[in-house]
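1. Give me a 3D structure for the following:
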Amino acid sequence: MEIRQRTLGKYITEGVIGGGKLVDAEHIAIATINRVDVLVSWNFRHIEKVKKAKRESKYIEFKEKFDINSSQDWCEIIKDIVAIANSGGGAIIFGVNNHGKASEYDVSSILDLDPAKITDKIAKYTNQQFSEFEIEEFKRDGKKIAVLIIFGVSLPMIFTRPGTYNIDGGRQKTAFSKGTIYFRHGAKSEPGDSNDLSRVIEGRLEEIRKSWLSGVRKVVSAPIGHVVQVLPPDVKMSIRSDAIPVRITNNKEAPAYKLETPDSTYPYRQKEVIENVNKKLRGKKIVNQYDILCVRRVYGINELRPDFYYKP
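-> Have a look, this model is predicted:
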């Protein structure tokens with residue numbers, strides 16, 4: 001603690017980090033003391049924008065309160081999370097009213113939420129194990145607020161079941177319908193239109209184009225004597241004599257290979273992976289969902305190492 005405070009103070013006095021960014025300075029001081037090679041986070045500009053936001057926008061949503069035991073609140077929050085992720089990312093700020101002022105609501109229950117519970121809630125309505133988010137604590141008007149930082153997705157999430165909840169008189173209200181894709185339109189989360197879908201398609205085509213060009217460069221630079229094999233995307237194990245032999249390797253340049261029974265090769269969900277890793281560490285260190293997210297982003301697991309996870 002003493003070393004951390006001295007390091008933090010040095011950063012401030014030397015002008016490395018502004019005095020108004022104590023939380024950010026503390027994060028960097030901790031990383032320095034623990035000799036962390038890479039610190040993954042939003043940059044100061046994004047963090048400051050969230051902390052100082054006075055009005056809602058395409059990237060920022062205010063929530064004066066959030067009852068974690070309310071089906072209505074969960075449906076509305078899930079709608080906003082999915083819309084923000086589909087629109088490139090942003091943040092939901094809890095404990096702030098529509099005028100940008102801190103409310104009297106106690107956000108402790110939100111800060112204590114298990115991220116796995118949020119992932120499970122989203123999966124219930126989208127069939128997607130979305131975990132690209134972080135929950136952070138900040139101060140506004142001297143009061144504690146909770147900020148859910150949401151990262152964008154390359155392919156939009158679709159609601160596979162309706163988000164309905166009971167209201168007064170036994171009636172039901174629907175936050176979102178089955179088969180809809182939500183995006184942010186200004187400060188609102190709304191069903192996507194042709195412009196939203198056009199942007200998604202253009203972005204996906206750009207990713208494919210880059211992938212193709214990368215593949216062309218690999219073929220051009222292949223050593224003499226190498227053979228290029230064209231494989232379908234759903235390669236599976238086979239004992240047929242005419243099957244193309246495929247070798248499992250951790251070489252990131254090698255083509256992806258998927259076994260026919262993912263339950264045997266990927267037996268754990270992320271929550272269970274964290275539990276097993278912590279058992280192996282025996283209390284020497286504790287890893288959490290944020291650590292897993294950092295590793296995935298630093299090492300490009302989603303883009304470069306599909307052999308490390310399974311996504312149907």
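
2. Report the buried residues of the helix or strand hosting residue 120.
-> According to DSSP states H and E, residue 120 maps onto helix 115-126. With burial defined by 16 or more other Cβ atoms under 10 Å, the residues of helix 115-126 counted as buried are 115-116, 118-119, 121-123, 125-126. From N, CA and C alone the C-beta is placed, and that goes for glycine too.

3. And stretch 170-186, by the same measure?
-> For stretch 170-186, burial by neighbour count (16+ other Cβ under 10 Å) applies to 175-176, 180-185.

4. Read off the pLDDT value for residue 135.
-> Listed pLDDT for residue 135 reads 88.

5. quick one: secondary structure of it?
-> Secondary structure for residue 135, judged by DSSP: H, G, I helix; E, B strand; the rest coil, is strand.

6. is it in a bridge, and if so with what?
-> residue 148 (DSSP bridges).

7. so it touches residue 116, yeah?
-> No: judged on Cβ atoms under 8 Å, residue 135 makes no contact with residue 116 at a distance of 11.9 Å.

8. what's the following helix or strand after the helix or strand containing residue 93?
-> Using DSSP H and E, residue 93 sits in strand 89-94. On the C-terminal side of strand 89-94, the nearest following helix or strand under DSSP H and E is helix 108-111.

9. That following helix: which residues count as buried?
-> Those would be 110-111, for helix 108-111 by 16+ other Cβ under 10 Å.

10. Okay, strands next: where are they in this structure?
-> Taking DSSP state E to define them, one finds strands in the chain at 60-63, 89-94, 133-140, 143-151, 163-166, 172-176, 182-185, 188-191.

11. Tabulate these (CSV), appending distance to residue 274.
-> Output for the strands of the chain, formatted as CSV (distance: least, Cβ to Cβ, whole Å):
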stretch, distance to residue 274
strand 60-63, 27
strand 89-94, 23
strand 133-140, 15
strand 143-151, 19
strand 163-166, 28
strand 172-176, 30
strand 182-185, 29
strand 188-191, 30
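
12. Just give the number of residues close to residue 81.
-> As a burial measure, residue 81 scores 24 neighbours (other Cβ atoms under 10 Å).

13. list the contacts for residue 141?
-> Applying Cβ atoms under 8 Å, 6 or more residues apart in numbering to residue 141 gives the contacts 101-102.

14. which residues touch stretch 279-297?
-> 38, 40, 115-116, 131-132, 134, 270-271, 273-274, 277-278, 301-302.

15. I'd like the distance between the closest residue to residue 301 other than its chain neighbours and residue 113.
-> Excluding the flanking residues, the one nearest residue 301 by Cβ to Cβ, 6 or more residues apart in numbering is residue 308, at 5.3 Å. Taking Cβ to Cβ, to the nearest Å as the measure, residue 308 falls 26 Å from residue 113.

16. just residue 269 next, same as before
-> In terms of Cβ to Cβ, residue 269 sits 17 Å off from residue 113.

17. same deal with residue 123?
-> Residue 123 sits 15 Å away from residue 113, going by Cβ to Cβ.

18. So which residues of the protein form helices?
-> Counting by DSSP state H, the chain has helices at residues 2-13, 22-33, 44-52, 71-86, 108-111, 115-126, 194-220, 262-265, 270-281, 289-298, 301-304.
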